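What would the 3D arrangement of this be:
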Amino acid sequence: MDVKTQSLGQVPRAADIAGSGDSWGGFVWFIIKLLLAVLAIRVFVFSPFSIPSESMLPRLMNGDYLLAAKWPYGYSRQSLPFDVPLPHGRLLGGAPERGDVVIFKHPVDGRDYIKRVIGLPGDSVAVMGGQLVLNGALVKRERLSDFLIPTSLNTGCEWGGETARMGDGREACRYVRFRETLPGGKAYEVLDFGLTTGDSFAPVTVPEGAMFVMGDNRDNSRDSRWPAAEGDAVGLVPLDRLVGRAALVVWSTDGSASWLNPISWFSAARWARIGGML
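As a prediction, this is how the structure comes out:
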């Protein structure tokens, strides 16, 4: 094998210097392209969101991190960074379906909220004795086994639950659970604490350009059953406030992780929840 050497004091050739510069330039250009690709995905494809409350139990838990798909409902200033305005309000707009879990901007304070779509424009929505009524008909609801959720630093036992034990001895909370099936066949699970103020709601017709949303944790959700107010209920949500459709749980933590203890990052993870589709 031949090896070419350069004698001491020999002046580097211009071609050698140019080659080194090209390598650095190529690397910088690669980083720029990578950042542009990540930005494009963030703007047009998926956005990350975290679940800060228990209003969407049993499907979503406090401490879940998920990706929301942006393309199903098109793009608006609500779904783009820095509230960039679009010429016609929404580009490639699409309507949600009943049963979709959606992320949207609160009509008053503009914060991100997540709820399930129950009613679309023209639908009549009511609640009688805790049971959902859609277009004059009771939505099918069947009792399931109780929902048992481990308690942790970010997940307590709400007033509607009962303290219990998991099979492995961990402290947990027990809730009454039902399966609700919308007319189109979309089924999902909801929790019920018993009769509360939100379990009696007079019929309302969803106006054009709006949607009626509810949390799956029916007695722990300030949703379309109450007028929109800053930091509180969301009221009837304008469709142009849509950000995206919840798609995938990418991480979940019980709140016990510490930045100073890398091992806790893994011990706090709820591994069974990661990768769950919505």
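
For the stretch 151-278 of the chain, which residues score under the pLDDT cut-off?
Counting by pLDDT under 70, the stretch 151-278 of the chain contains no low-confidence segment.

For the closest residue to Ile51 other than its chain neighbours, give me its contacts.
In this structure, Ile51 finds its nearest non-sequential neighbour in Asp64, 4.3 Å apart by C-beta to C-beta, 6 or more residues apart in numbering. The way it works is simple: take the backbone N, C-alpha and C, and place the C-beta from them, glycine included. Going by C-beta atoms under 8 Å, 6 or more residues apart in numbering, Asp64 touches Ser50, Ile51, Val249, Trp251, Ser252, Arg273.

and of those residues, the nearest to Phe201?
Distances from Phe201 to the contacts of Asp64, taken as C-beta to C-beta, are shortest for Ile51 (24.7 Å).

just the strands in the stretch 1-150 of the chain please.
Secondary structure of the stretch 1-150 of the chain (DSSP state E, counting those that start in this stretch): strands located at 46-50, 64-69, 75-76, 90-91, 101-105, 112-119, 124-128, 131-134, 137-138, 140-143, 147-150.

Which of those strands comes out lowest on mean pLDDT?
Mean pLDDT per stretch puts strand 90-91 lowest among those, at a mean of 66.

Would you mind giving the strands of the stretch 1-150 of the chain as CSV with distance to Ala172 added?
CSV is the format used below for the strands of the stretch 1-150 of the chain (distance: least, C-beta to C-beta, whole Å):
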stretch, distance to Ala172
strand 46-50, 23
strand 64-69, 17
strand 75-76, 41
strand 90-91, 43
strand 101-105, 24
strand 112-119, 24
strand 124-128, 28
strand 131-134, 27
strand 137-138, 31
strand 140-143, 20
strand 147-150, 5
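
so what's the backbone phi/psi at Thr181?
phi -130, psi 120 (degrees, to the nearest 10).

hang on, Leu60 packs against Leu66?
Yes - using C-beta atoms under 8 Å, Leu60 is in contact with Leu66, at 7.4 Å.

what do those two both touch?
Ile51, Ala246, Val249, Leu278.

Tell me the one of the residues you listed nearest Leu195?
Closest to Leu195, out of all of those and judged by C-beta to C-beta, is Ile51, at 26.6 Å.

tell me the centre residue of the protein?
Ala246 (4.7 Å; C-alpha atoms, centre = their mean).

Contact partners for it?
With the criterion set at C-beta under 8 Å, 6+ apart, Ala246 makes contact with Phe49, Leu60, Leu66, Ala68, Val101, Val102, Ile103, Ile114, Leu278.

again with Trp265
Counted by C-beta under 8 Å, 6+ apart, Trp265 has contacts Ala257.

With adjacent residues omitted, what lies nearest to Leu67?
What sits nearest to Leu67 in space, not counting adjacent residues and going by C-beta to C-beta, 6+ apart, is Phe46, at 4.4 Å.

er, Gly161 actually
Among residues not flanking Gly161 along the chain, Cys173 sits closest, at 4.0 Å (C-beta to C-beta, 6+ apart).

hang on, isn't the one you found packed against Trp159?
No - counting by C-beta under 8 Å, Cys173 stays clear of Trp159, with 10.5 Å between them.

okay, the two: which has more neighbours?
Higher neighbour count among Cys173 and Trp159: Cys173, with 21 against 9, using other C-beta atoms under 10 Å.

Need the three-state assignment for the more buried one.
Three-state call for Cys173 (DSSP: H, G, I helix; E, B strand; the rest coil): strand.

mind starting the numbering at 27 from now?
Happy to do that; since the first residue is 27 now, the last one works out to Cys199.
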